[in-house]
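# have a look at this prediction, sequence included:
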Amino acid sequence: MKDAAAIVGIAESEYTKWGRLVRCTEYQLALETIVRAVEDAGLALDDVDGFASFSNDRNEFCFAATDLGVPEVRYAGMTWIVGGGGACAAIADAARAIATGTARCVVVYRAIAMGQFRRFGRALAGDVQGVRPQDAALGFALPFGLVNATVGMALLVRRHMHLYGTTREHLGHVATTFRAHANRNPAAVMHGRPMTLADHAAAPRIVEPFGLLDCCLETDGANALVLVGADRARDCRHRPVWVMAAAEGSGPRWGCGAWAMHYMPEDDYATGNTRTLARDLFGRAGIGPADVDVAQLYDHYTGMVLLQLEDLGFCARGEGGPFAASGALGLDGALPTNTAGGSLSEAYVHGLNLVVEAVKQLRGTAVSQVPDAEIALCASGGGIPTSALLLRR
Amino acid sequence: MTYLPADMPLPAVTDDTRPFWDACRRHELVAQRCGGCGAFRHPPAPVCWRCRSFAHEWVRLSGRGTLFSFAVVHRPFLPALAARGPFNVAVVALDDAPGVRLVSNVVDAAPETLRVGLPLEVVFEDVTPEVTLARFRVRAG
């Protein structure tokens, strides 16, 4: 699959705080964004013959293809990689469909208008029904207050603090660095809202060790990306961004429900569940972490960024905190990361906006451009079964 | 008085998990032990993740454990928690069931006294006539 497919179109809707998208339905937002991504590619909707998404996006392809008048659908993929772990997997599905000749032009999209449906941060009480495997797992979590991702990830990061001496200030360096990126990005929800380490330290506690500024935004917004094969990529409007490699999956015993992932082997506990993916990703691309110019890492919580940096080999295990504190994630750092502000400070489109930003970096059109960026790494949600990409220009 | 309010979500009991919850009602802590390789496992499952045997037995445990990780929840994510104030969620490693961890709470420790490695022992809280939860208290080291 290496370099068989390229991302040639991208689009992002306006981003708002959750509930403030009122001008149209979430579904219309998805359709508008798909249309704009196809335009960005210099293609027509009649060229589109595939759709991929993740996290059971509500705006199902069959409605989108019908309403957009797509003449022929030849691929439709919804990954089973969990929730925010699935953004890179959806891109990988699209690339595989193209590499195998299943489809020629695949749109990957995700739209979230939390105000029109459900806030992600809200607990999942009442969702227990029937006797699915996850119901049993939730029975060992919900009654004890493990009711959402914030609690689940806080437990992983607390263990990391115990093992390696990671501090709240280390988390603060992630939050403030990404906020600085967002402050240069007019589209970011947190544009114009600077943050200092003192602000981070003083923020209200949510689930210790996390305060408010350790938690991603809850926003409304949508993204779409268009992928085609090598035969068409060079004729598109922008410089193609090639899918060098993709990896997805999980280490052992991480999958016992969305946040009930506390039963994996001890050596896996204080990680982002990205170590096995890193091996596959770099192996397939034939490069190493030192070759990566810019990273886009799923930042649902500051601490999980540290764990993924370690898993992916950008620093040694346990060194994520000092690595972030060294300034490595800044625009002039060793590994500029989440250069548009990420889920913490740009918008929460379930991590698909991170892939959009990676494409901008490799096109050379990012607001906070990493000079001459050639290779970008994207990683989807850590701490669950997840996925990752290496992209190159 | 239970550690968390009585209107918190209750466990969904399935055929796989019923023996665990029935034991809690008897104020006994149990875990599944594989009939093939003898390894303990949790949460309850039809099959051993190590040797893939579907044979198992339920073994009563001492209830002693060690704090493996913890979080202190300040935000009332559920209506049931609106008046509760901060509380902890604990991951407890069980001393006599290697590799088994329970998600639970430490009922008698202020947040600032919690630390990984804290010795714990089980306490049972009857939250309804039908449901008893296994929680933990600090044990003299």
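Arrived safely.
# quick one, helices of the chain?
Chain wasn't specified; assuming chain A. With helices called from DSSP state H, chain A shows them at A:26-41, A:61-67, A:87-99, A:133-139, A:149-164, A:168-183, A:197-202, A:230-233, A:266-269, A:275-285, A:302-311, A:320-325, A:342-345, A:352-363.
# can you look at chain B instead?
Applying DSSP H to chain B gives helices spanning B:18-25.
# if we can go back for a sec, B:Ser104 is nearest to which of the helices of chain A?
Closest approach to B:Ser104 among the helices of chain A (C-beta to C-beta): helix A:149-164, 11.6 Å. The way it works is simple: take the backbone N, C-alpha and C, and place the C-beta from them, glycine included.
# and that closest one, what's buried?
If you call a residue buried by 16 or more other C-beta atoms under 10 Å in any protein chain shown, then helix A:149-164 has these buried ones: A:149-162, A:164.
# B:Thr17: which of these is nearest?
Among these, A:Gly152 lies closest to B:Thr17 (C-beta to C-beta), at 19.4 Å.
# what about the closest one, distance to B:Ala82?
21 Å (C-beta to C-beta, to the nearest Å).
# just A:Leu377 next, same as before
Separation of A:Leu377 from B:Ala82 (C-beta to C-beta): 42 Å.
# do the same with A:Val157
To B:Ala82, A:Val157 is 26 Å away according to C-beta to C-beta.
# just the C-alphas of stretch A:84-97, formatted as CSV.
Output of stretch A:84-97 as CSV, limited to C-alpha atoms (Å, rounded to 0.1, in the frame of the first residue of the first chain):
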residue,chain,number,x,y,z
GLY,A,84,-11.4,8.6,18.5
GLY,A,85,-9.0,5.8,17.8
GLY,A,86,-10.4,5.5,14.3
ALA,A,87,-9.5,8.7,12.4
CYS,A,88,-6.3,7.4,10.9
ALA,A,89,-7.9,4.0,10.4
ALA,A,90,-10.6,5.6,8.2
ILE,A,91,-7.8,7.2,6.1
ALA,A,92,-6.1,3.8,5.9
ASP,A,93,-9.4,2.1,4.8
ALA,A,94,-9.7,4.7,2.0
ALA,A,95,-6.1,4.1,1.0
ARG,A,96,-6.6,0.4,1.0
ALA,A,97,-9.7,0.7,-1.1
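# let me see the mean pLDDT of it.
Averaging pLDDT along stretch A:84-97 gives 97.
# check the offset of it from the chain's centre.
In terms of C-alpha atoms, centre = their mean, to the nearest Å, the centre of stretch A:84-97 is set 11 Å apart from its chain centre.
# and the nearest residue to B:Ala23 once chain neighbours are set aside, what is it in contact with?
In space, and not counting its chain neighbours, B:Ala23 is closest to B:Val30: 4.2 Å by C-beta to C-beta, 6 or more residues apart in numbering or on different chains. Contacts for B:Val30 (C-beta atoms under 8 Å, 6 or more residues apart in numbering or on different chains) come out as B:19-20, B:23, B:58-61.
# for these, which one is nearest B:Glu112?
Nearest to B:Glu112 among these, counting by C-beta to C-beta, is B:Leu61 at 29.2 Å.
# quick one: the closest one from A:His262, how far?
Counting by C-beta to C-beta - B:Leu61 and A:His262 are separated by 18 Å.
# same check on A:Asp268?
For A:Asp268, the distance to A:His262 (C-beta to C-beta) stands at 11 Å.
# those two - which one has more neighbours?
Shown here are A:Asp268 and A:His262; by other C-beta atoms under 10 Å in any protein chain shown, A:His262 has more neighbours (27 against 20).
# just give me the neighbour total for the nearest residue to that one once chain neighbours are set aside.
Leaving aside its sequence neighbours, A:His262 sits nearest to B:Val91 (C-beta to C-beta, 6+ apart; 5.0 Å). Applying other C-beta under 10 Å, we find 25 residues neighbouring B:Val91.
# and for the one 5 residues further on?
A count of neighbours around B:Asp96, defined by other C-beta under 10 Å, yields 15.
# was I right to think it contacts B:Arg64?
Yes - with contact defined as C-beta atoms under 8 Å, B:Asp96 reaches B:Arg64; the gap is 6.9 Å.
# number of residues surrounding the residue nearest to A:His350 when sequence neighbours are not counted?
Closest residue to A:His350 apart from its sequence neighbours, by C-beta to C-beta, 6+ apart: A:Gly84 at 4.9 Å. Residues within reach of A:Gly84, counting by other C-beta under 10 Å, total 28.
# can you check which strand is longest in chain A?
Counting residues, the longest strand found in chain A (DSSP state E) is strand A:219-229.
# revised request: answer the last question for chain B.
Per DSSP E, chain B has its longest strand at strand B:64-73.
# off-centre distance for it?
The answer for strand B:64-73 is 10 Å, by C-alpha atoms, centre = their mean.
# before we move on, what about stretch A:185-195?
Distance of stretch A:185-195 from the chain centroid (C-alpha atoms, centre = their mean) equals 19 Å.
# if I pick whichever residue of the stretch 51-200 of chain A sits closest to chain B, what's in contact with it?
Proximity of the stretch 51-200 of chain A to chain B (C-beta to the nearest C-beta) peaks at A:Gly139, 3.2 Å away. By C-beta under 8 Å, 6+ apart, the residues touching A:Gly139 are A:128, B:10-14, B:17, B:21.
# does A:Asn338 touch A:Leu329 like I think?
Yes - judged on C-beta under 8 Å, A:Asn338 makes contact with A:Leu329 at a distance of 7.3 Å.
# touching both of these two, which residues are there?
Contacts common to A:Asn338 and A:Leu329, judged by C-beta under 8 Å, 6+ apart, are A:177-178, A:305.
# what bridges to the residue nearest to B:Leu114 when sequence neighbours are not counted?
Distances taken as C-beta to C-beta, 6+ apart put B:Phe70 closest to B:Leu114, at 5.1 Å, once the chain neighbours are dropped. Counting by DSSP bridges, B:Phe70 forms beta bridges with B:Ala90.
# show me the contacts for residue 53.
Assuming you mean chain A. A:59, A:61, A:77-78, A:90, A:108-110.
# switch to chain B, that's the one I care about
Going by C-beta under 8 Å, 6+ apart, the list of residues near B:Ser53 reads B:34-37, B:47.
# residue contacts, the residue nearest to it when sequence neighbours are not counted?
In this structure, B:Ser53 finds its nearest non-sequential neighbour in B:Gly36, 2.8 Å apart by C-beta to C-beta, 6+ apart. When contacts are counted by C-beta under 8 Å, 6+ apart, B:Gly36 touches B:48, B:51-53, B:55.
# please apply the same query to A:Thr274.
Per C-beta under 8 Å, 6+ apart, neighbours of A:Thr274: A:307-308, A:311-312, A:379, A:382, A:386, A:388.
# what is the burial count for the residue of chain B at minimum distance from chain A?
Taking C-beta to the nearest C-beta, chain A has its nearest neighbour within chain B at B:Pro11, 3.2 Å off. Neighbour count of B:Pro11, defined by other C-beta under 10 Å: 24.
# and it, how far is that from B:Val103?
From B:Pro11 to B:Val103 the distance is 11 Å (C-beta to C-beta).
# what of A:Ile375?
Going from A:Ile375 to B:Val103 by C-beta to C-beta gives 40 Å.
# list the contacts for the residue nearest to B:Gly65 when sequence neighbours are not counted?
In space, and not counting its chain neighbours, B:Gly65 is closest to B:Val92: 4.3 Å by C-beta to C-beta, 6+ apart. Residues near B:Val92 by C-beta under 8 Å, 6+ apart: B:65-68, B:101-104, B:120, B:136.
# mind checking pLDDT for B:Val92?
Here, the pLDDT recorded for B:Val92 equals 98.
# got the buried residues for stretch B:4-14?
Judged by neighbour count (16+ other C-beta under 10 Å), stretch B:4-14 contains these buried residues: B:4-5, B:8-14.
# how about stretch A:181-192?
By 16+ other C-beta under 10 Å, the buried positions in stretch A:181-192 come out as A:181-183, A:185, A:187-191.
# dump the contacts of B:Gly36 to a markdown table, plus pLDDT and distance to A:Ala65.
Output for the contacts of B:Gly36, formatted as a markdown table (pLDDT from 0 to 100; distance: C-beta to C-beta, whole Å):
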| residue | pLDDT | distance to A:Ala65 |
| --- | --- | --- |
| B:Cys48 | 96 | 44 |
| B:Cys51 | 96 | 46 |
| B:Arg52 | 96 | 42 |
| B:Ser53 | 96 | 47 |
| B:Ala55 | 97 | 49 |
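# please consider this matter closed, and thank you.
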